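Q: sequence unavailable; structure follows:
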């Protein structure tokens with residue numbers, strides 16, 4: 001009897017799962033961040049055109065990365081099923097396919113780092129060997145059923161000479177063979193199912209162990225909890241920054257509530273003792289600074305609002321925190337910037353890059369390599385142990401998490417991650433404002449209604465905010481005064497609403513006298529514009 005295709009496909013899928021599990025376990029055991037699936041997923045993110053990436057973020061939000069990983073896993077299942085089918089007729093074809101998959105994974109791991117460090121590809125090698133061994137073990141009973149190994153087309157069991165003989169034997173035992181109906185003799189079926197169950201169980205156990213063996217993160221979290229940062233103080237929210245209006249976004253954003261946008265599928269976990277930043281390029285001398293050396297520098301601290309360029313009008317990809325670190329200007333002065341340099345190419349541990357205007361790093365703003373957020377060491381997800389903070393610029397050109405390299409250069413000579421996908425080169429934050437209260441769809445009583453929210457024009461400052469009802473005259477509101485131009489401000493206004501449906505809109509004016517434009521533009525290529533509005537209903 002021929003073995004059925006489903007058995008060979010299942011053998012390939014289970015062998016593939018075993019290989020992915022062992023590679024995942026190896027990566028965690030060695031504290032290597034890039035297991036094959038993670039590495040491939042991050043390369044997909046790097047190669048995705050900007051418009052497509054933006055569309056994915058709009059549709060999926062924070063689920064974009066899990067969905068991507070799920071798609072890669074589903075595609076892998078299909079490929080592994082193909083490998084199993086190929087193994088039915090050939091011994092070398094499945095090996096070539098698995099080798100190609102391993103090479104793709106190894107390149108995904110190594111190329112973004114620009115290094116030939118073989119240890120980073122060790123999880124891939126372990127997974128590849130596991131694929132071959134598991135596939136061999138799972139297909140052994142299937143080959144026996146087929147009668148003569150790869151390529152054989154055995155249509156009858158070895159002890160059956162004719163269909164009549166087989167029928168007579170079945171009648172003599174008084175039973176029919178279900179496995180035969182499925183295409184597998186009972187003994188081969190039993191052997192395959194036992195092996196398949198054992199392989200599935202082993203893959204599951206190894207996968208769980210991979211999670212448990214992630215001691216690298218636990219150790220770094222322990223180190224982070226014990227870390228002492230001289231010169232770092234706890235945040236003290238200025239009373240003048242608050243208007244006391246209920247339900248308005250808090251002026252200080254807690255770390256757990258701070259938006260997170262990055263390309264890392266698996267967050268880099270870095271021991272501060274192993275971290276360093278290299279400053280090179282158009283400089284008089286190359287400088288390498290370790291974490292302890294950076295921590296010994298005089299600290300600068302500032303309230304800074306960060307804003308993602310993907311933030312739509314009225315969106316929430318924005319947050320304000322108390323950042324503590326070392327001024328980047330101090331470090332660049334140590335290296336000695338050469339004439340003609342106009343940019344610094346920042347590189348993250350995970351290979352992400354951005355190019356930052358050098359004037360934004362050397363002027364009077366508190367552009368820093370931050371070590372702390374809201375008075376505590378940076379959370380791992382927000383860049384621990386060190387990230388860059390540059391007031392007044394969108395994060396895609398400035399806010400590098402897990403930063404490890406600063407190359408002084410020229411914009412004309414470099415390409416950065418997002419600017420290769422159609423985004424603007426320099427990324428200054430555009431003035432914007434948002435209504436938090438009342439919420440869209442709110443049902444209100446007639447009469448005076450408090451309208452409130454936040455507005456921002458980082459490194460310029462907000463001078464005033466106005467509210468309009470149904471496109472009518474603008475009513476001036478009041479704004480808080482946080483004492484800095486690098487953060488958002490709370491605002492509120494009082495308007496009189498009559499019964500009916502209304503649209504409330506807000507616009508801001510910055511300290512240079514520029515009035516926020518009402519022209520609606522998408523986030524591409526350098527930030528959204530337009531007035532935020534909410535619909536409300538006022539009862540009769």
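A: Arrived safely, thanks for sending. All values reported here derive from a predicted model rather than from experimental measurement.

Q: okay, how far is it across stretch 513-522, tip to tip?
A: Chord length of stretch 513-522, first to last residue, is 24 Å (Cα to Cα, to the nearest Å).

Q: so which bits of that stretch are buried?
A: residue 516 (16 or more other Cβ atoms under 10 Å). For glycine as for every other residue, the C-beta is placed from the backbone atoms N, C-alpha and C.

Q: before we move on, what about stretch 220-235?
A: Buried, per 16+ other Cβ under 10 Å, within stretch 220-235: 220, 223, 224, 227, 229, 231, 232, 235.

Q: how about these in TSV, adding pLDDT?
A: Shown next, in TSV, are these (pLDDT from 0 to 100):
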residue	pLDDT
220	89
223	91
224	93
227	94
229	97
231	96
232	97
235	96
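
Q: so which of those belong to strands?
A: Among the buried residues of stretch 220-235, no member falls in strands (DSSP state E).

Q: now, which of those sits nearest residue 448?
A: Using Cβ to Cβ, residue 235 comes nearest to residue 448 of the buried residues of stretch 220-235, at 34.1 Å.

Q: now do the contacts for the closest one.
A: Neighbouring residues of residue 235 by Cβ atoms under 8 Å, 6 or more residues apart in numbering: 252, 303, 321, 322, 374, 375.

Q: which pair of those spans the longest distance?
A: Once Cβ to Cβ is applied, the contacts of residue 235 give 303 and 375 as the farthest pair, at 12.0 Å.

Q: what touches both of those two?
A: Contacts common to residue 303 and residue 375, judged by Cβ under 8 Å, 6+ apart, are 235, 322.

Q: the more surrounded of these two?
A: Using other Cβ atoms under 10 Å, the more surrounded residue of residue 303 and residue 375 is residue 303, with 23 against 16.

Q: go ahead and confirm the more buried one touches residue 482.
A: Yes. With contact defined as Cβ atoms under 8 Å, residue 303 counts as touching residue 482 (6.6 Å).

Q: picking up where we left off before, between the buried residues of stretch 220-235, which is closest to residue 475?
A: residue 235 (33.0 Å).

Q: and that closest one, how far from residue 247?
A: Residue 235 is 22 Å from residue 247, where distance means Cβ to Cβ, to the nearest Å.

Q: what's the answer for residue 126, then?
A: 53 Å.

Q: the two: which is more packed in?
A: When residue 126 and residue 247 are compared for neighbours, residue 126 comes out ahead with 20 against 11, by other Cβ under 10 Å.

Q: would you mark the buried spots in stretch 68-85?
A: Buried, per 16+ other Cβ under 10 Å, within stretch 68-85: 68, 69, 72, 76, 79, 80, 81, 82, 83, 84, 85.

Q: just the element for the first one, please.
A: Going back to what we said before, that points to residue 68. Per DSSP states H and E, residue 68 falls inside helix 64-87.

Q: look at the residue lying closest to residue 125 once chain neighbours are set aside and say how many residues are nearby.
A: Take residue 125 and drop its neighbours on the chain: the residue closest to it by Cβ to Cβ, 6 or more residues apart in numbering is residue 102, 7.4 Å away. Per other Cβ under 10 Å, the neighbour tally for residue 102 reads 21.

Q: same check, this time on residue 411
A: Residue 411 has 18 neighbours, counted by other Cβ under 10 Å.

Q: got a list of what it touches?
A: Here residue 411 is in contact with 342, 343, 355, 425 (criterion: Cβ under 8 Å, 6+ apart).

Q: what about 6 Å?
A: Neighbour list for residue 411: 342, 343 [criterion: Cβ atoms under 6 Å, 6 or more residues apart in numbering].

Q: please apply the same query to residue 338.
A: Residues near residue 338 by Cβ under 6 Å, 6+ apart: residue 282.

Q: switch to 10 Å and redo it
A: Residue 338 makes contact with 281, 282, 283, 284, 408 under the criterion Cβ atoms under 10 Å, 6 or more residues apart in numbering.

Q: which pair in those spans the largest distance?
A: Across the contacts of residue 338 (Cβ to Cβ), the longest gap, 10.9 Å, separates 281 and 284.

Q: which residue of the two possesses the greater neighbour count?
A: With neighbours defined as other Cβ under 10 Å, residue 281 and residue 284 compare such that residue 281 has more, 21 against 10.

Q: which residues does the more buried one bridge with?
A: Taking DSSP bridges, one obtains residue 408 as the residues bridged to residue 281.

Q: which residues touch it?
A: Per Cβ under 10 Å, 6+ apart, neighbours of residue 281: 335, 337-338, 341, 343-345, 405-410, 413-414.

Q: tell me how far the helix holding residue 68 lies from the chain's centre.
A: How far helix 64-87 lies from its chain's middle: 21 Å, per Cα atoms, centre = their mean, to the nearest Å.

Q: and stretch 308-323, by the same measure?
A: Chain-centre distance of stretch 308-323: 16 Å, with Cα atoms, centre = their mean.

Q: no further queries at this time; thank you.
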